[in-house]
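S.K.: Sequence and predicted structure, then a few things I'm wondering about:
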Amino acid sequence: MKYICLGYIEEKKWETMSESERNAMMDECFTYDEVLRKNGHFVGGEALQGARNATTLRWKNGKVSITDGPYAETKEQLGGILVLEARDLNHAIQLMSRHPGVKAGPFEIRPAEDLSALVAESERRRSKT
């Protein structure tokens, strides 16, 4: 089963780390990502630029409203995503508990939703029109 792992980071904390501390953290993370890949658990992932580069869209008063910045003003911001293949939630927790990125901020783990049946049904409805 696929799990989406959302990694959060406290940007101010990251910015106050020395270059060698940041490099060591990234090296640890990439090393563990390679272990996950080697064992067939790493499906994909991406780092995100800082929250100051975010744009948030909302539906407001019948139209799209666009604002700069993240949706929520919090100390910890979403820093990246990792798509993990695991037997079950306990296995995903076990794998991500060893990820060095947890030291930089929390990881939220959610099961990926299989939308293939909904997509197929939608395609059938749309093909009739």
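M.R.: Ah, there it is.
S.K.: mind listing the helices in the chain by residue range?
M.R.: 11-16, 19-38, 89-97, 116-127 (DSSP state H).
S.K.: Please report the number of neighbouring residues for residue 84.
M.R.: Using other CB atoms under 10 Å, residue 84 is surrounded by 24 other residues. For every residue, glycine as well, the C-beta is placed using N, CA and C.
S.K.: That one and residue 95 touch, don't they?
M.R.: Yes. Between residue 84 and residue 95 there is a contact under CB atoms under 8 Å: 6.3 Å.
S.K.: Check the contact lists of these two and give me the overlap.
M.R.: 36, 41 (CB atoms under 8 Å, 6 or more residues apart in numbering).
S.K.: where's the spatially most central residue of the chain relative to residue 4, distance?
M.R.: Closest to where the C-alpha atoms of the chain average out (CA atoms, centre = their mean) is residue 81, at 2.1 Å. Between residue 81 and residue 4 the computed distance is 6 Å (CB to CB, to the nearest Å).
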